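Engineer: pasting the structure only:
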């Protein structure tokens, strides 16, 4: 039996690739914000900055790091779920078509 809807299969693969890229960049961004956010707050307070991350201290960098982690996780799950949803719908279509052909024959 031939596979139909090749474009949807391609879109599903693209969504999975995007999801995993988001996961990788989220982890990199998380550790970057942990280190960079704390360092930025130290630099800002050292040079008299009383605004932005310097005002909040090192906790601001940690807060932003976890924000990046949560937002990235939600994006990763959304893209992966979208890809899997497309595959489930295609599997339902294939099974329905196979059952229809079996009943006709």
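Structural biologist: Received the coordinates, thanks. Bear in mind the structure is a predicted one, so any value in this text is a computation, not a measurement.
Engineer: now stretch 8-15: mean pLDDT?
Structural biologist: What stretch 8-15 shows for mean pLDDT is 97.
Engineer: what's the answer for stretch 31-44, then?
Structural biologist: Mean pLDDT, stretch 31-44: 76.
Engineer: pLDDT below threshold where in this protein?
Structural biologist: Across the chain, the ranges flagged by pLDDT under 70 are 1, 38, 41-57, 105.
Engineer: so where's the longest helix in it?
Structural biologist: helix 58-104 (DSSP state H).
Engineer: Can you spell out which helices and strands pack onto that one?
Structural biologist: The helices and strands touching helix 58-104, judged by 3 or more CB pairs under 8 Å, 6 or more residues apart in numbering; DSSP states H and E, are helix 6-46, helix 53-56. To be clear about C-beta, it is placed using only N, CA and C from the backbone, and glycine gets the same treatment.
Engineer: 6 Å instead?
Structural biologist: helix 6-46 (3 or more CB pairs under 6 Å, 6 or more residues apart in numbering; DSSP states H and E).
Engineer: chain center to the helix it packs on: distance?
Structural biologist: 8 Å (CA atoms, centre = their mean, to the nearest Å).
Engineer: and the angle for that helix with helix 58-104?
Structural biologist: Here helix 6-46 runs at 170 degrees with respect to helix 58-104, directions being taken by axes from the mean of the first three to the mean of the last three CA atoms, to 10 degrees.
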